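A.B. asks: Return atomic coordinates for the entry below.
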Amino acid sequence: MSQHTVVLLLGSNIGDTKYNIDKALEALEQKCTILRKSEYLLSEPVEFASSNIFCNIATIIQTHLSPVQLLDYVKRIEVTMGRINDSTISKVYTDRIIDIDIVKFNELKFSSERLTIPHSKHLNEREFSKILLKDII
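C.D. replies: Numbers count the residues shown, from 1 in each chain. Reported below is the predicted structural model:
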């Protein structure tokens, strides 16, 4: 099986946010190898109003999973950790215990109903994302 290099962004704004991210990273390590992590970054919510501040981190991983398999895996991690609403389905952003986004997958360009790679909002629009990604890429 070939290994793929993937950039992920993780965020949390409910509960112990840094702990939530660390727990998600541990779960990722069950099927992936973490190559590099950014520093934690606190940021205001984007595209919705909340008084809860986000803790965010970017990471580069290696995995043998395909893009859709990886998406399914990170969605299972989110649900297992207690995430209720999926903005991909609801089209509404809300507070969340954990959010894991696939930003880049090798140099692949891929688009489906559930997943678009690369994640253009994180690469081009969201300031916190650009800061985190600059830290690791």
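
A.B. asks: and stretch 125-137, what's its mean pLDDT?
C.D. replies: Mean pLDDT, computed over stretch 125-137, is 84.

A.B. asks: how about that stretch: buried residues?
C.D. replies: By 16 or more other CB atoms under 10 Å, the buried positions in stretch 125-137 come out as 126, 128-129, 132-133. The C-beta positions use only the backbone N, C-alpha and C, and glycine is treated the same way.

A.B. asks: and if you look at stretch 105-124?
C.D. replies: By 16+ other CB under 10 Å, the buried positions in stretch 105-124 come out as 105, 115, 117-119, 122.

A.B. asks: show me where the chain has strands.
C.D. replies: For the chain, the strands defined by DSSP state E occupy 4-12, 32-37, 41-43, 54-63, 99-105, 110-111, 116-117.

A.B. asks: in this structure, what secondary structure element scores lowest on mean pLDDT?
C.D. replies: Least confident helix or strand of the chain, by mean pLDDT, DSSP states H and E, is helix 87-90 with a mean of 52.

A.B. asks: if we can go back for a sec, among the strands of the chain, which comes closest to E78?
C.D. replies: E78 lies closest, by CB to CB, to one member of those: strand 99-105, at 6.2 Å.

A.B. asks: partners of the closest one, with directions?
C.D. replies: Neighbouring strands of strand 99-105 in its sheet, by DSSP bridges, are strand 4-12 (antiparallel).

A.B. asks: ok, back up a step: just the buried residues of stretch 125-137: which are in helices?
C.D. replies: 128-129, 132-133 (DSSP state H).

A.B. asks: out of those, who's nearest Q30?
C.D. replies: Proximity of those to Q30, judged by CB to CB, is greatest for L132, which lies at 23.0 Å.

A.B. asks: ok, the closest one - contacts?
C.D. replies: L132 makes contact with 9, 38, 41, 56-58, according to CB atoms under 8 Å, 6 or more residues apart in numbering.

A.B. asks: and what of Q62?
C.D. replies: Residues in contact with Q62 (CB under 8 Å, 6+ apart) are 3-6, 32-33, 35.

A.B. asks: how close does it sit to E29?
C.D. replies: According to CB to CB, to the nearest Å, Q62 stands 11 Å off from E29.
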